[in-house]
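Q: just coords:
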């Protein structure tokens, strides 16, 4: 079945630094990838939708200059949290859907970001 | 996408069938019902989806009412590993539109 690999699974960084999270579709080409954020005991909140070769579409209230998304190829999207602060600590999850994925969306295993 | 309503939490004894309800009274004719689950600190996992007929796969069964305003996900023989948050989502089948998650049902399987 379709597999999405997300890396790293967890990361701790200092306040003010930037962190990059990778999302790869391993066995299919993903025309569209989605980035979610999840705070403890809350549901997933969509941050942005990225299409290969074009600019990402951000949800209302999500700062595009802080959360940089690049979808340079059909198998890779990256999310960079720039100048991270403790309030950015969260669980970040990517999702992908390909040309022929009839069953739905495949999710990565998530990245736990802790900013200290 | 149509909104869904699910109970906040449910318990089920291990080995019994877990029946998780979902209301989607404003569902449109071209919208499917999808079920995902999220085990603690993992990404959501696809379970099953359907349009109007009942569906079954190796994980679960999906029963959709005739008027399509509600559905039930059935885990036939619940195990402790089925403890998770279960999300019912309705959306169109084709296209790359976003998947919007509600609050889901926290299912706890009791030994």
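A: Now that the structure is in, tell me what you want to look at. Just so it is clear, the model here is predicted, and its values are computed rather than measured. Numbers count the residues shown, from 1 in each chain, chains lettered A, B, ... in the order given.
Q: just the pLDDT for residue A:33.
A: Looking at residue A:33, its pLDDT stands at 91.
Q: burial of it, as a residue count?
A: 30 (other Cβ atoms under 10 Å in any protein chain shown). To be clear about C-beta, it is placed using only N, CA and C from the backbone, and glycine gets the same treatment.
Q: tell me the SS of the nearest residue in space to it that is not next to it in sequence?
A: Nearest non-adjacent residue to residue A:33, counting by Cβ to Cβ, 6 or more residues apart in numbering or on different chains: residue A:77, 4.1 Å away. On the three-state scheme (DSSP: H, G, I helix; E, B strand; the rest coil), residue A:77 is labelled strand.
Q: what pLDDT does residue A:77 get?
A: Residue A:77 is given a pLDDT of 94.
Q: and it, what are its bridge partners?
A: Note on residue A:77: beta-bridge partners residue A:23, judged by DSSP bridges.
Q: try residue A:37
A: residue A:45, residue A:92.
Q: you'd agree the residue nearest to residue A:33 is up against residue A:29?
A: No: checked against Cβ atoms under 8 Å, the pair residue A:77 and residue A:29 is beyond contact range at 12.0 Å.
Q: for residue A:69, give me its contacts.
A: Residue A:69 makes contact with A:35, A:48, A:50, A:56, A:77, A:78, A:79, A:80, according to Cβ atoms under 8 Å, 6 or more residues apart in numbering or on different chains.
Q: right, and residue B:9 touches residue B:86 too?
A: No: taking contacts as Cβ under 8 Å, residue B:9 lies outside contact range of residue B:86: 10.4 Å.
Q: which neighbours do those two have in common?
A: Taking Cβ under 8 Å, 6+ apart as the criterion, residue B:9 and residue B:86 both touch B:105, B:107.
Q: any regions of chain A where pLDDT drops low?
A: Residue ranges of chain A with pLDDT under 70: A:99-103.
Q: more neighbours, residue B:9 and residue B:86?
A: residue B:86 (23 against 11).
Q: right, and the helix or strand after the one helix or strand the more buried one maps to?
A: Secondary structure from DSSP states H and E places residue B:86 in strand B:84-92. Next helix or strand after strand B:84-92 toward the C-terminus (DSSP H and E): strand B:105-110.
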